[in-house]
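Participant: no sequence on this one, just coordinates:
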């Protein structure tokens, strides 16, 4: 005899216990520490900070561990945590021009003041899986070069000759948009677009940025500059009236130099795409810059040919926390609605069968 | 019918319509000007259009005729000049002063716009019947049977096989799509129809049939129309009056037969002389 | 594991007061304009988008310490997601919870309206995945916003017309669009169309929260709600034509349960509280009494 399904709560509790067990894995294997994750899975932690929209390496490492290495799950954990934090204000804009650079390259010039500094990069490694146990790397820390040469931005050099459009000046009385405080409406201005892209899924931006290079809204990009390093975060409390430093964060910045454009009244200049992210995230900021430039199609009067240029499409689907929530919600019970569909399809099939047999009878009669 | 007979038929119907409509013009264009950067779209175009009148705007590509149509239908904003329209309550209003809601309502009920490419004026993903019925549903028709009957009637009027009512326009031929677009526009009995090269891109025999249909519908429904075309034969067959445009300006205008039989401007003479004689 | 420095202390019902204020403002706007989708700045919640964050935010904003909360999914209190959400509020608000529709003051629901008629003392909070009824006809928000503002709903009827032309029937079986207070066309959330009439002139306040899409809308008590249809193809209320195998109800929405691998099936009330209530009061007629293990089963 059928009995109504019960026991959902017990099932959930047991599932959580099993999850905790799986998370720990084989007890004979040493447990990962947060420091290990922070130090040795740095780039994963950086991605979680970026898309989690929160700069806290320790918390991001914790999220990675709690999520068993599933980075989107970790991003979700960090975002949810962020939502509980009180906000006490907005920092001053960070000055990436004053960055303590550890890596800086430009593809538009062979050499520039400050030089091409390769820094820690996978770029020229040969992708050979190294099965030998880690040879202890040379752990003598290089002496910090206190006297790094000045590193003006390559794009600023172009701007000095008026070859590239000027970055729009910030205006003190215009409030910068904030996605986390106001719902996104379309059309969206560039500040909101960039914010959306900064926390957008790296894979999504990578694919759509790639599509622009393959012709779906091509904008002729050159990597004007990519730089990685530490910048100071400053905050100006109303009570004291001037900015005080809060600390330093690591960011990666990409300036793309794109298809030039002139108008009836303005001489041709190169246009820009911009990307910025927490930690070391070159792929992310480059893809972001490509998509940023693509989304400027409307303001630059360009024909919209590819999905990367479609503002509503891009900004509505870039958030992987939203995306995974909705995709995975299909796992929730839907049997009530399915029941309704079953009712309709059965009725239509019955009518179809009736029409068929009526047709057969007619044919037989003829 | 010989061209002389046709033109006298057109002239007499024009004379009849003028006599019947001594009332104020339906559509007034005043000094319409629009440029795109340094490129002139159209400059200082003015005319009056009365109920039941059909005016052709002819010219080659770049003459400004399409820009003019965009301005008349409020799809683009003029730099200077006004478009005035006499609404159903008898009051003539500056269209630029109307709100978006009113303009969209007019576009759905009182006006028609026939695109050169019918796919632009149709919903290709829904059936022919739904395409014709949409405007009715938008103004509140709520009886499926009535909507379907009205759609069926209109398909018949534009000579589309009514058995195709549930087929999508993607399965229709070019000529059929164009006729469907016309039906979709006329179902709410608009008073003014704007047409952009309505026979462009169609086979010659299909064109002839379509022109015949348009001529009958315009006369039966007492429509006013502005028809943009580069084809003088279309102008001759459908319109009472004609405006010839070149380089964004109106260089000659008047009664169609008079202008085409006795063009005064050299450019008009050139256009007329270029018509291939059958 | 090391504990992080900033372990938060949660406010009553999880959301901070600032956020609650923001949501309440949106709710007030929604009640003032029945059926209109009010944008709000949805917060990340501890459950995923698509799993009820909109409903949870609305509930969190209106819950008070004396409220009695019921949470259902597919009509049942014991489905996993309903359990999860109920536990969330038990943990963060400490409010009394119940499975009884009659006793609840706030009911959060996914995909069903309870069979038991609601009263003026109650609020029904719906979880909504896609708030805009026009979304599948017109994906661009810029365009649908204009259509709602200008009451241009012709496209909606085109869809219904196409259904009839193609299938002979309107083919929407759930999330069936309604016109609210004679003005806005609204998506009632994926409730089966069977439940649509319950929204009309309902004594309770009905609130709808879409977290991922960031919209809140509302139907104030005793508001007119009409399902869209044609005069000659009127709205039909579908339910499987049968009786509940457990309580004998002939008027409730039924779930189809497949009981063996030869495809035998039985039908039971989707609304578990309604079903139990009928069994408790012995209202079953001509049906074998089910040996419901009531004692052990209530969570």
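Facilitator: Now that the structure is in, tell me what you want to look at. None of the values given here were measured: they were computed from a predicted structure.
Participant: pLDDT weak spots in the chain?
Facilitator: Going with chain A. For chain A, the stretches with pLDDT under 70 are A:1-6, A:133-149, A:366.
Participant: Switch to chain C, please.
Facilitator: Residues of chain C that meet the cut-off, pLDDT under 70, sit at C:1-9, C:283-299.
Participant: ranges for the strands of it?
Facilitator: C:38-39, C:68-73, C:96-97, C:106-110, C:123-127, C:178-180, C:184-186, C:205-210, C:215-219, C:225-227, C:254-258, C:265-269 (DSSP state E).
Participant: Now mean neighbour count and distance to chain B too, for those, in JSON lines please.
Facilitator: Using the backbone N, CA and C atoms, a C-beta is placed for each residue, glycine as well. Formatted as JSON lines, these follow (neighbours: other C-beta atoms under 10 Å in any protein chain shown; distance: least, C-beta to the nearest C-beta, whole Å):
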{"stretch": "strand C:38-39", "mean neighbour count": "19", "distance to chain B": "20"}
{"stretch": "strand C:68-73", "mean neighbour count": "24", "distance to chain B": "34"}
{"stretch": "strand C:96-97", "mean neighbour count": "16", "distance to chain B": "45"}
{"stretch": "strand C:106-110", "mean neighbour count": "25", "distance to chain B": "31"}
{"stretch": "strand C:123-127", "mean neighbour count": "26", "distance to chain B": "27"}
{"stretch": "strand C:178-180", "mean neighbour count": "22", "distance to chain B": "11"}
{"stretch": "strand C:184-186", "mean neighbour count": "21", "distance to chain B": "13"}
{"stretch": "strand C:205-210", "mean neighbour count": "27", "distance to chain B": "25"}
{"stretch": "strand C:215-219", "mean neighbour count": "28", "distance to chain B": "22"}
{"stretch": "strand C:225-227", "mean neighbour count": "19", "distance to chain B": "11"}
{"stretch": "strand C:254-258", "mean neighbour count": "18", "distance to chain B": "30"}
{"stretch": "strand C:265-269", "mean neighbour count": "20", "distance to chain B": "32"}
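Participant: got these as a markdown table, with distance to chain A columns?
Facilitator: Converted to a markdown table, the strands of chain C look like this (distance: least, C-beta to the nearest C-beta, whole Å):
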| stretch | distance to chain A |
| --- | --- |
| strand C:38-39 | 4 |
| strand C:68-73 | 6 |
| strand C:96-97 | 12 |
| strand C:106-110 | 8 |
| strand C:123-127 | 10 |
| strand C:178-180 | 16 |
| strand C:184-186 | 17 |
| strand C:205-210 | 11 |
| strand C:215-219 | 8 |
| strand C:225-227 | 14 |
| strand C:254-258 | 6 |
| strand C:265-269 | 6 |
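Participant: Any chance of JSON lines for those strands, columns distance to residue C:32?
Facilitator: Converted to JSON lines, the strands of chain C look like this (distance: least, C-beta to C-beta, whole Å):
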{"stretch": "strand C:38-39", "distance to residue C:32": "9"}
{"stretch": "strand C:68-73", "distance to residue C:32": "25"}
{"stretch": "strand C:96-97", "distance to residue C:32": "30"}
{"stretch": "strand C:106-110", "distance to residue C:32": "21"}
{"stretch": "strand C:123-127", "distance to residue C:32": "16"}
{"stretch": "strand C:178-180", "distance to residue C:32": "13"}
{"stretch": "strand C:184-186", "distance to residue C:32": "12"}
{"stretch": "strand C:205-210", "distance to residue C:32": "13"}
{"stretch": "strand C:215-219", "distance to residue C:32": "9"}
{"stretch": "strand C:225-227", "distance to residue C:32": "17"}
{"stretch": "strand C:254-258", "distance to residue C:32": "37"}
{"stretch": "strand C:265-269", "distance to residue C:32": "36"}
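Participant: With residue A:335 as the reference, name the closest of those.
Facilitator: strand C:254-258 (6.1 Å; C-beta to C-beta).
Participant: Adjacent strands (with direction) for that closest one?
Facilitator: Strands adjacent to strand C:254-258 in the sheet, as given by DSSP bridges, are strand C:265-269 (antiparallel).
Participant: Up against chain C, what does the stretch 51-200 of chain A have?
Facilitator: Applying C-beta under 8 Å from any C-beta of the partner chain, we find that the stretch 51-200 of chain A lies next to chain C at A:56, A:58-59, A:62, A:65, A:76, A:79-86, A:180-187.
Participant: In helices, which of these fall?
Facilitator: Judged by DSSP state H, the subset of these located in helices is A:58-59, A:62, A:65, A:76, A:79-82.
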